[in-house]
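> I'll drop the sequence and a predicted model, then ask my questions.
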Amino acid sequence: MDNLLELAITVFFFILFTAGPLYFWYRVGKHYENKHFASIKEREARFNNLPFSPSDTLDESKHVEALMLVTGQVVIGSDPFKRYIASLVNLVGGRISVFEAPLDRARREAILRMKEKAAKMQADEVINFRMDTMSVGSSKGGEPMGIVEVVAYGTAIRYSK
Amino acid sequence: MDKLEQKDLPGRVILTNIDRVPGREIVEHYGLVAGSTIRAKHVGKDFMAGLKNLFGGELTTYTELLNESRQEATERMVAQAKKKGANAIINIRFSTSSVAQGAAEIYVYGTAVKVA
């Protein structure tokens, strides 16, 4: 009877202090992530007709009217659920799939911001596209913070019509 | 008119990350120009970012901070190029590194040239 009571107390405290909060942060993180992804998809569809490529070749048959360096940058963090899971996976090693979504978000958002600037100058394409990723504030005791900064940049080109 | 018509405005430095300026000829090379800044996070802003990180979204304060630093680094690079008498900077690259907890270094470099 005593053992059963002990077990019940353990389970109760596990739910109260570990599983409960984790589930809560999982829902919260998921909610904001889905919202952001929906917004990204909507904007990506809008900029579909603006091509960008990592090569630096441009259409030689057309006359370049204007060019400009365009950049897009974003810093994205991860919710406590993701950080907790990542710190667990870190112990044994392996694929940390929880951090894939924030990185995907950051990359796509940075590209979108770059494209927004290019669209502002009525660019026809973005060439020599480059992307740089930096982890922010990860030096703290080695615990994964999951904050990344992504900068996307390229040369926006407008051809004369 | 703002930055858009860079190419047509006198006194404006053309910035590009390709290795030439389309439609123009490079007449002179001035070598490497670079600009850098090291910024630390604001205490209050850092606190807010810490709160915001609970929801796993974009950390707007950090984005702004890095945005400003990148602009400042670019301005320094442009100033250096202007001093040399260049009117364009080609092959621009950005590089970022976090040098200490809460501080980031932004380094921008390129080749200063004169185009005709």
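Sure, I can see it.
> show me where chain A has helices.
A:2-14, A:20-46, A:80-92, A:100-120 (DSSP state H).
> tell me which of the ones you listed is the most buried.
Among the helices of chain A, helix A:100-120 has the highest mean neighbour count (mean count of other CB atoms under 10 Å in any protein chain shown), at a mean of 20. Every C-beta, even on glycine, is put in place using the N, C-alpha and C of the backbone.
> what helices or strands is it leaning on?
Helices and strands touching helix A:100-120, by 3 or more CB pairs under 8 Å, 6 or more residues apart in numbering or on different chains; DSSP states H and E, are helix A:20-46, strand A:64-76, strand A:125-135, strand A:148-159.
> now tabulate those in a markdown table and tack on distance to chain B and mean pLDDT.
As requested, those are exported to a markdown table (distance: least, CB to the nearest CB, whole Å; pLDDT from 0 to 100):
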| stretch | distance to chain B | mean pLDDT |
| --- | --- | --- |
| helix A:20-46 | 4 | 90 |
| strand A:64-76 | 4 | 90 |
| strand A:125-135 | 4 | 89 |
| strand A:148-159 | 5 | 91 |
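> right, and the helix or strand after the helix ranked longest in chain B?
Longest helix in chain B by number of residues (criterion: DSSP H): helix B:60-84. Next along the chain after helix B:60-84, taking DSSP states H and E as the criterion, comes strand B:88-100.
> list the buried ones in that next one?
With burial defined by 16 or more other CB atoms under 10 Å in any protein chain shown, the residues of strand B:88-100 counted as buried are B:88, B:89, B:90, B:91, B:92, B:94, B:96, B:98.
> ok, now which ones touch the first one?
Residue B:88 makes contact with B:13, B:14, B:15, B:16, B:21, B:24, B:26, B:112, B:113, B:114, B:115, according to CB atoms under 8 Å, 6 or more residues apart in numbering or on different chains.
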